[in-house]
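Attaching a predicted model along with its sequence, questions to come.
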Amino acid sequence: MFHAVLESSKIWRQIVDALATLLTEAHFIVRNDGISLTQYDSSRAAMVDLFLPSSIFQEYNCKNEYEVSLGLDELVKVSKRIAGDDRLEFYLDQSQNRFEIRMIGQAERTFKIQLLTPPEERTKKISPTFETHAEMFSDAFKQVVKDIGVVSNHMKITVTKESLGFGGVGDVGEAEVSLNLGDDSLLYQLEAKQDATAMYALSYLSEIAKAISSDTLTLRMTENKPVMLEFSIAEGGVIKFLLAPRIERR
């Protein structure tokens, strides 16, 4: 049995919108401590890692462990029907192979979404070590992505002890943005064991930037290794995006 109640419809829409930026299906693992998801996108260039603790729900009842696989197109369409003041109730109906979302507000509406067949093997979590840990305001990162996107399809991230640099080169020119560590900076924490540089596809970074719904963002990276972008969802929830680098040929 699984049943949960969420008072904030905004939180649910943020979750669905974030997953839909890179995924076509969502394979949730539902346990008594919360809901998790670990998946690659179709190209396996990026990974999404989500955890929603049971504490973000006003009611949460899960007796066993369940795999709940849903098409994100359907989930997005249903979520768009949620009114701002709706209370949400979630049910898993195994007998009918449906996931039920009930919206309770001025009217009570119920949508039952067909469950998909879960993958044969679960994606294992990746726990890489990083040499750089940076924290910044999310709007700063979103503006950087837009700035570099004016001239380039890729973004190079360069780390020093005092700054985080972003750059791009294309047929029409070059762009550079530097965030320096300081009291008035949009970059308010930076720990770097050594200088590092890596390049990433801007198409992915643009989609990830759209998914960010919190005020702050954590960026972790190492020289020519995947970058991890992490932000919070509600109290205790977290979404992480891990993106593989583009290796430059010399």
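Cool, got the structure.

List the residue ranges of this protein that fall below the pLDDT cut-off.
183, 248-250 (pLDDT under 70).

any idea where the helices of it begin and end?
9-20, 72-79, 138-149, 202-211 (DSSP state H).

any chance of those in a markdown table, plus distance to residue 85 and mean neighbour count?
All C-beta atoms are positioned from the backbone trio N, CA, C, and that covers glycine. Below are the helices of the chain laid out as a markdown table (distance: least, C-beta to C-beta, whole Å; neighbours: other C-beta atoms under 10 Å):
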| stretch | distance to residue 85 | mean neighbour count |
| --- | --- | --- |
| helix 9-20 | 7 | 19 |
| helix 72-79 | 15 | 16 |
| helix 138-149 | 26 | 19 |
| helix 202-211 | 24 | 19 |
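
Looking at the ones you listed, which is nearest to residue 176?
helix 138-149 (8.5 Å; C-beta to C-beta).

what's near enough to touch residue 113?
By C-beta atoms under 8 Å, 6 or more residues apart in numbering, residue 113 lies in contact with 70, 71, 74, 75, 78, 98, 99, 100, 101.

Can you pick out the most distant pair from the residues you listed?
Top of the distance list for the contacts of residue 113 (C-beta to C-beta): 71 and 100, 15.2 Å.

Could I get the contacts of residue 113 in JSON lines, plus columns for distance to residue 145?
JSON lines is the format used below for the contacts of residue 113 (distance: C-beta to C-beta, whole Å):
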{"residue": "70", "distance to residue 145": "28"}
{"residue": "71", "distance to residue 145": "28"}
{"residue": "74", "distance to residue 145": "29"}
{"residue": "75", "distance to residue 145": "25"}
{"residue": "78", "distance to residue 145": "29"}
{"residue": "98", "distance to residue 145": "38"}
{"residue": "99", "distance to residue 145": "33"}
{"residue": "100", "distance to residue 145": "37"}
{"residue": "101", "distance to residue 145": "32"}
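
What are the structural domain limits within the chain?
Under the assignment automatic domain parsing, the domains of the chain span 2-114, 132-243.

Can you lay out those domains as CSV showing distance to residue 126?
Converted to CSV, the domains of the chain look like this (distance: least, C-beta to C-beta, whole Å):
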stretch, distance to residue 126
domain 2-114, 7
domain 132-243, 6
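
closest to residue 125 out of these?
Nearest of these (C-beta to C-beta): domain 2-114, 5.3 Å.

which one of the helices of the chain lies closest to residue 110?
Here helix 72-79 is closest among the helices of the chain (C-beta to C-beta), at 10.3 Å.

export that closest one as PDB, just CAs?
Extracted in PDB, the C-alpha atoms of helix 72-79 (Å, rounded to 0.1, in the frame of the first residue of the first chain):
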ATOM      1  CA  LEU A  72       6.600  11.900 -18.200                       C
ATOM      2  CA  ASP A  73       4.500  13.300 -21.100                       C
ATOM      3  CA  GLU A  74       1.400  12.000 -19.300                       C
ATOM      4  CA  LEU A  75       2.700  13.100 -15.900                       C
ATOM      5  CA  VAL A  76       3.300  16.700 -17.200                       C
ATOM      6  CA  LYS A  77      -0.100  16.900 -18.800                       C
ATOM      7  CA  VAL A  78      -1.800  15.800 -15.600                       C
ATOM      8  CA  SER A  79       0.300  18.200 -13.500                       C
END
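
Having no further points to raise, I will conclude here.
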